[in-house]
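Asks: A predicted structure for the sequence below; I have some questions about it.
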Amino acid sequence: MSKKLTVVDHPLVSHKITLMRDKHTPSAVFRQLLREISLLLAYEVLRDLPMTTKTIDTPLEEMEAPILKGKKLVFVSILRAGNGLLDGMLDLVPSARVGHIGLYRDPVTLAAVEYYLKVPDDIGERCAVVVDPMLATANSASAAINRLKDVGATNIKFASLLAAPEGVEAFAKAHPDVPIYTAALDRCLNEHGYILPGLGDAGDRMFGTK
């Protein structure tokens, strides 16, 4: 398994994922759980943000206080399901810029097909956190990272709700420089490229479109 993989092992994360896996969980609850988990994921993903200090006055005295250094973040959502993770991370870092990349998976070849890309012009000066609930075949995630590198991104991280070993291996091979953060590493992929035991299609379950 890739040395760049971090599985966020926390009781609250495990509990919320179990609720999301349950096929009887309604879309509204599913969306809320995803938003809550994304906050916990973001805490780990952003652990190594560069810091500096600034002089401030507390009610009692002057002090040198820690503050984020330089250009801040850009969160890049892989549409459409990535927006579920995006919303929670923006709750934590509301000043972050936002990018979107539209990809869909060809049902026959499982290859990623791009239909939209919009990111900040200065993405090369920012830490780009790419979010998508599922790292399954890694075709979409790898294609998204390729496009971001094409437009100048150099400091990139990838965050997902669930990952399959096959996806982690394929992603690490395509982008060994990009760390992967996930809330759960599942067993395997089935013949249709879905994660097992998984939780189904995250987009359909978020938006009630199935």
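Replies: Alright, I've got the coordinates.
Asks: where exactly do the helices run in the protein?
Replies: 11-21, 27-45, 82-92, 139-150, 165-174, 202-207 (DSSP state H).
Asks: Select, out of those, the one closest to Thr109.
Replies: Each of those has some distance to Thr109 by Cβ to Cβ; the shortest is helix 139-150, at 8.7 Å. Where C-beta positions appear, they are placed from N, C-alpha and C, glycine not excepted.
Asks: Mind listing what's buried along that closest one?
Replies: Within helix 139-150, the residues scored as buried using 16 or more other Cβ atoms under 10 Å are 139-145, 147-149.
Asks: For it, enumerate the helices and strands it packs against.
Replies: Applying 3 or more Cβ pairs under 8 Å, 6 or more residues apart in numbering; DSSP states H and E, one finds that helix 139-150 contacts strand 73-79, strand 97-105, strand 112-118, strand 127-131, strand 155-163, helix 165-174.
Asks: Listing partners with orientation, what would you give for the fourth one?
Replies: Read that as strand 127-131. In the sheet, strand 127-131 lines up against strand 73-79 (parallel), strand 155-163 (parallel) (DSSP bridges).
Asks: hmm, back to that, among the helices of the chain, show the one with the smallest mean pLDDT.
Replies: Ranked by mean pLDDT, the helices of the chain end with helix 202-207 at the bottom, a mean of 82.
Asks: Tell me how far that one lies from the chain's centre.
Replies: 16 Å (Cα atoms, centre = their mean, to the nearest Å).
Asks: May I have it as CSV, with CA atoms only?
Replies: Only the C-alpha atoms of helix 202-207 are listed here, as CSV (Å, rounded to 0.1, in the frame of the first residue of the first chain):
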residue,chain,number,x,y,z
ALA,A,202,-22.4,8.7,-3.6
GLY,A,203,-23.8,11.3,-6.0
ASP,A,204,-27.1,9.4,-6.4
ARG,A,205,-27.4,9.0,-2.7
MET,A,206,-26.6,12.7,-2.0
PHE,A,207,-29.1,14.0,-4.4
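Asks: list the buried ones in it?
Replies: Quick answer for helix 202-207 (16+ other Cβ under 10 Å): 202-203, 205-207.
Asks: got it, and stretch 187-204?
Replies: So, applying 16+ other Cβ under 10 Å, buried residues of stretch 187-204: 189, 193-195, 198-199, 202-203.
Asks: re earlier: kindly present the buried residues of helix 139-150 as CSV, with separate columns for distance to Glu64.
Replies: Shown next, in CSV, are these (distance: Cβ to Cβ, whole Å):
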residue, distance to Glu64
Asn139, 47
Ser140, 44
Ala141, 40
Ser142, 43
Ala143, 44
Ala144, 39
Ile145, 37
Arg147, 40
Leu148, 35
Lys149, 37
